[in-house]
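1. pasting the sequence and the predicted model now:
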Amino acid sequence: MRAIVVTETGGPEVLREAERPDPVPGPGEALVDVAASGVNFVDVYFRTGTYPLDLPAVPGVEAAGTVAALGDGVTGLAVGDRVAWANVQGAYAARAAVPAERLVPVPDAVSLEDAAATLLQGMTAHYLTHSTYEVRQGDTVLVHAAAGGMGLLLTQVAKARGARVIGTASTAEKEKLARDAGADEVLGYDGFADRVRELTGGEGVAAVYDGVGAPTFDGSLASLRRRGVLALYGGAGGQVPPFDPQRLNSAGSVYLARPNLTDYTVGRAELLERASDVYRWVASGELDVHVGHRYDLGEAGTAHADLEARRTTGKLLLIP
């Protein structure tokens, strides 16, 4: 089968296509024919060594496809079922053996491409707005990189919960995408904290959803209202260096969270609850899916380079 194999950490050039034997599902696993794989910034962390990855490895943690075979002991699945997964390595390939307990069903009303485009980021938007900070009717929140795949979903989910959304974006094209997704205001990054204060009558926002990291961190803290929550869920622009927690006091007794999807999909029940909500929103049209670009599997390096250079909008998919 075709697969992307990483033998060393580094830049996008380490994502090399290779022929690999088809995986064989072990006990408790299912073999999935991959229809589409999601490209996420967490894949960059693994590729560069920011997050540990046992090498050699087939990267990628999100995909959707069709069950091709079952390992021993698997129940509740059948060959031909449409499924998706997140947070399991091996997605950058034509086939993958995945623990059956991590697979979620894809409704007939959701295409496999849309399933791959929304599971990881959709569940992330779900836990950020329902659990890390539970958005309430009338809240004002700040969503960074509002035109990216994550930002577009976050904006829509926050709006559905009754929030006023202020987004940030770097170009006029991205500003339009964020507004089309429901953002009430869209700001550039320069001086955004001062503008947030102006737009909130000096109060600040209830929550900041920040996946950019180091370049926006100080401004994000300065944008919070008293007892507000900064949900730092990623570091696309660089990791935040160590800082004095006394700053949370002086910022107004604010909270800093560094959440991840693994800790918000603990056990199969929580995984299915979040996944089913996301796919229900997609099926009903409540959540609009914006696929910014589709790449051939062999173009994984190009996809990573485009993502890191902020040349993209919406979700990026690899098609094997």
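-> Great, that's in hand. Numbering: from 1, shown residues only.

2. could you list the domains of the protein?
-> 2-119+267-319, 136-258 (automatic domain parsing).

3. how about those in CSV, adding mean pLDDT, mean neighbour count and distance to Leu128?
-> C-betas here are computed from N, CA, C, even on glycine. What follows is these, written out as CSV (pLDDT from 0 to 100; neighbours: other Cβ atoms under 10 Å; distance: least, Cβ to Cβ, whole Å):
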stretch, mean pLDDT, mean neighbour count, distance to Leu128
domain 2-119+267-319, 97, 19, 11
domain 136-258, 97, 20, 6
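
4. what residues does Leu119 make contact with?
-> Contacts for Leu119 (Cβ atoms under 8 Å, 6 or more residues apart in numbering) come out as 38, 62, 64, 84-86, 104, 275, 278.

5. narrow these to those in strands?
-> Taking DSSP state E, the ones among these that sit in strands are 38, 62, 64, 84-86, 104.

6. can you tell me which of those residues is nearest Glu299?
-> The closest of the ones in strands among the contacts of Leu119 to Glu299 turns out to be Gly38 (Cβ to Cβ; 14.5 Å).

7. ok, now how distant is the residue lying closest to that closest one once chain neighbours are set aside from Gly148?
-> Distance criterion Cβ to Cβ, 6 or more residues apart in numbering; nearest residue to Gly38, sequence neighbours excluded, is Glu62 at 3.7 Å. Counting by Cβ to Cβ, to the nearest Å, the separation of Glu62 from Gly148 is 15 Å.

8. now do Pro56
-> Separation of Pro56 from Gly148 (Cβ to Cβ): 30 Å.

9. please enumerate the strands of the stretch 1-150 of the chain.
-> Applying DSSP state E, counting those that start in this stretch to the stretch 1-150 of the chain gives strands spanning 2-5, 16-19, 29-39, 62-70, 82-86, 95-99, 104-105, 140-143.

10. out of those strands, nearest to Ala303?
-> It's strand 29-39; of these, that one is closest to Ala303 (Cβ to Cβ) at 4.9 Å.

11. hey, C-alpha coordinates of that closest one in PDB?
-> C-alpha atoms of strand 29-39 as PDB (Å, rounded to 0.1, in the frame of the first residue of the first chain):
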ATOM      1  CA  GLU A  29      -8.400  -3.900  15.900                       C
ATOM      2  CA  ALA A  30     -10.100  -3.200  12.600                       C
ATOM      3  CA  LEU A  31      -8.500  -2.700   9.200                       C
ATOM      4  CA  VAL A  32      -9.700   0.400   7.500                       C
ATOM      5  CA  ASP A  33      -9.500   1.400   3.800                       C
ATOM      6  CA  VAL A  34      -8.700   5.100   4.200                       C
ATOM      7  CA  ALA A  35     -10.800   7.500   2.000                       C
ATOM      8  CA  ALA A  36      -9.300  10.700   3.400                       C
ATOM      9  CA  SER A  37      -6.800  11.700   6.100                       C
ATOM     10  CA  GLY A  38      -7.000  15.000   8.000                       C
ATOM     11  CA  VAL A  39      -3.900  17.200   8.200                       C
END
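
12. in its sheet, what does that strand sit against?
-> strand 62-70 (antiparallel), strand 95-99 (antiparallel), strand 315-319 (antiparallel) (DSSP bridges).
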